[in-house]
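# the following block contains a protein sequence and its predicted model.
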Amino acid sequence: MNVEISAEGKAAGGAMEEERRKRLEEFASSSLLATHNLFLHGYGGKPSEYAESLRLRCLVKMNDEFPRQKPTLNEASHQSFDAFIEQQLTRAAPGKVDPFEGKQQQGKAQAQAQGQPQKTEEASSSALGKVVESAAISQEAKLSKIPSKFMKKSVTTAPTSEQQPAENAQQLAVRPTGMPVFNESRALARVEEGGLGSVLSLKIKKMVKPRWHAPWKLMRVIAGHQGWVTCLDVDPSNKFFVTGSKDRTIKFWDLASGQLKLSLTGHINTVRGLAISGRHTYLFSCGEDKMVKCWDLETNKVVRDYHGHLSGVYSLALHPTLDVLATGGRDSVVRLWDIRTKAQIHVLEGHTNAIASLIAQEYEPQLVSGSHDTTVRLWDIGTGRSVETLTNHKKAVRGMCFHHSEYTFATAAADNLKVWKCPEGTFLRNISGHNGIVNAVAVNEDDVLASCGDNGSLYMWDWKSGYNFQQLVSKPQPGSISSEAGIFAAKFDRSSMRLITAECDKSIKMWKEDENATPETHPIDPNFRVAFDSQRF
């Protein structure tokens with residue numbers, strides 16, 4: 001059946017198609033115009049600032065850069081701060097319209113039409129006060145976690161004026177050791193003078209001046225082991241020290257004379273870790289034979305064995321105030337032991353490679369572990385969980401140590417030495433320059449940091465500034481080849497006057513400061529500058 005379309009039908013269809021085409025063209029042209037207007041306005045220029053956003057951003061920035069001093073914004077400070085905000089808002093180029101201004105006016109008009117109350121300057125000022133107060137409370141919560149041992153009081157005198165009462169002239173600030181006090185009135189004056197750029201650069205870039213230290217020299221070489229000396233520890237009474245070796249023995253040496261006092265046998269493979277208890281007459285040892293032993297130093301016999309590791313045990317750490325022993329090794333877990341009952345308290349899982357170093361302290365974090373998986377973990381020994389994982393290192397972390405007076409610790413790897421702040425594990429700075437695999441680090445009470453390399457290098461650093469004031473190279477003893485110059489462990493004695501190193505050439509070396517050195521004979525390099533990326537990672 002053939003259906004013929006009349007001329008009227010064809011005309012009607014053509015008219016509908018033409019109308020559809022015109023509508024599509026109108027819609028496309030309106031969309032292009034809207035897009036054009038959107039990107040044309042203020043093209044290439046700096047966007048205008050919104051007053052409330054700018055005010056909040058500046059306050060958050062100030063609190064972030066100066067968190068150690070509780071901010072107290074009085075009436076004069078509010079006035080100067082509001083003047084600074086108005087100054088920033090009036091810096092817009094002439095002829096430009098603030099897009100937020102139109103929205104504000106529109107919002108005000110709608111509020112007036114609906115009879116809603118408008119926000120006043122007093123309300124916004126109180127909101128800012130709440131922001132600052134909440135930030136100060138969070139900062140006080142952080143400071144409350146810092147033990148009193150690492151805190152000190154300091155009184156800073158603030159400039160008095162007519163607007164500032166005399167009782168506010170002295171502000172008592174409690175802060176961690178070595179951290180500067182921020183004076184808010186000076187900061188606000190800098191804000192008024194410099195504008196927004198100065199707010200962003202309010203961070204104090206304190207250039208730490210290197211402290212002079214006497215250079216160290218070789219004092220004594222002790223021989224007696226028949227294999228690599230892999231670990232050591234110093235007696236809390238500072239009368240003797242112990243060393244462990246690949247010859248499977250543990251030897252006791254007199255600290256003053258360097259004479260051999262005693263040898264213990266019991267391990268069937270390399271001894272990798274030693275720790276002398278300061279609360280009991282016990283010595284703890286671990287080795288590649290999967291064994292962890294407790295020795296009674298009164299009878300010189302093994303009194304306890306701790307079984308549980310599935311592979312070699314590479315490190316151990318003894319808690320200074322609790323009867324808890326931590327061990328870690330090739331099975332990638334840290335095991336906590338009750339030294340009295342031999343019971344396994346926790347198995348701390350999280351590392352994915354062998355654990356190379358462990359350190360413990362009585363404050364949080366009470367246990368820190370470094371691994372060949374390039375991470376450092378901070379552990380809560382109460383719950384048996386990792387509270388923080390530090391991933392800044394790019395190489396295996398083989399050595400760690402706590403600072404004696406600062407609430408900090410250092411970690412060593414082939415890429416860098418890094419300093420961290422407790423208890424959160426906040427990164428502080430890099431100490432760069434020891435090119436090689438660093439097996440051990442130690443710091444004494446004079447803020448001398450020693451780092452020991454796998455190539456026999458021994459670097460001495462100033463802890464505060466990271467200044468490398470001496471580079472030593474340990475010479476292999478006669479009968480050893482040049483590749484046996486590595487240093488596996490290092491410890492300062494309790495007086496901080498002697499450094500003991502355990503080395504690959506089967507010897508133990510003792511180092512001391514050069515008593516004839518002076519700042520004139522060994523001056524500090526005047527061209528020393530802190531590395532540009534010392535706080536980058």
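Structure's in. What do you need? Numbers count the residues shown, from 1 in each chain.

# low-confidence ranges, the protein, go.
1-10, 37-50, 64-81, 84-85, 87-145, 151-207, 531-537 (pLDDT under 70).

# quick one: the strands in the stretch 401-537 of the chain?
With DSSP state E, counting those that start in this stretch as the criterion, the stretch 401-537 of the chain has strands at 408-412, 417-421, 426-431, 438-443, 448-453, 457-462, 468-473, 487-492, 498-503, 507-513.

# possible to save the ones you listed as TSV with mean neighbour count and distance to Gly13?
To be clear about C-beta, it is placed using only N, CA and C from the backbone, and glycine gets the same treatment. Shown next, in TSV, are the strands of the stretch 401-537 of the chain (neighbours: other CB atoms under 10 Å; distance: least, CB to CB, whole Å):
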stretch	mean neighbour count	distance to Gly13
strand 408-412	24	81
strand 417-421	22	78
strand 426-431	18	74
strand 438-443	23	85
strand 448-453	25	88
strand 457-462	22	89
strand 468-473	16	89
strand 487-492	23	93
strand 498-503	25	98
strand 507-513	20	101
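
# tell me which of those lies nearest to Phe402.
strand 408-412 (4.7 Å; CB to CB).

# not counting that closest one itself, show me its contacts.
359, 368, 370, 376, 390, 393, 397-403, 417-422, 428, 431, 438-441, 443, 449, 451 (CB atoms under 8 Å, 6 or more residues apart in numbering).

# who does it pair up with?
Strands that pair with strand 408-412, judged by DSSP bridges, come out as strand 399-402 (antiparallel), strand 417-421 (antiparallel).

# and of those, who's closest to Phe27?
Taking CB to CB, strand 417-421 is the member of the strands paired with strand 408-412 nearest to Phe27, at 60.2 Å.

# tell me what angle that closest one forms with strand 448-453.
Computed by axes from the mean of the first three to the mean of the last three CA atoms, to 10 degrees, the angle separating strand 417-421 from strand 448-453 equals 130 degrees.

# His372: what's it in contact with?
His372 is in contact with 353-356, 396-397, counting by CB under 8 Å, 6+ apart.

# of all those residues, which comes closest to Ala223?
Nearest to Ala223 among those, with distances taken as CB to CB, is Ala356, at 26.8 Å.

# for Ala11, helix, strand, or coil?
helix (DSSP: H, G, I helix; E, B strand; the rest coil).

# that one: neighbour count?
If you count neighbours by other CB atoms under 10 Å, Ala11 ends up with 9.

# tell me the buried residues within the contacts of His372.
Among the contacts of His372, those buried by neighbour count (16 or more other CB atoms under 10 Å) are 354-356, 396-397.

# and of the residues you listed, the nearest to Pro210?
Nearest to Pro210 among the buried ones among the contacts of His372: Val397, at 26.1 Å, using CB to CB.

# state the distance from that closest one to Trp420.
Distance of Val397 to Trp420, given as CB to CB, to the nearest Å: 11 Å.

# which residues are common contacts for those two?
Common neighbours of Val397 and Trp420 (criterion: CB under 8 Å, 6+ apart): 376, 411.

# got a list of what the nearest residue to His346 once chain neighbours are set aside touches?
Once flanking residues are discounted, His346 sits nearest to Gly384: 3.6 Å by CB to CB, 6 or more residues apart in numbering. When contacts are counted by CB under 8 Å, 6+ apart, Gly384 touches 336, 345-348.

# quick one on the thing from earlier: for Arg21, find the nearest of the strands of the stretch 401-537 of the chain.
Distance to Arg21, taken as CB to CB, is lowest for strand 426-431 among these, at 64.2 Å.

# and that closest one, what other elements does it pack with?
Where contact means 3 or more CB pairs under 8 Å, 6 or more residues apart in numbering; DSSP states H and E, strand 426-431 is packed against strand 417-421.
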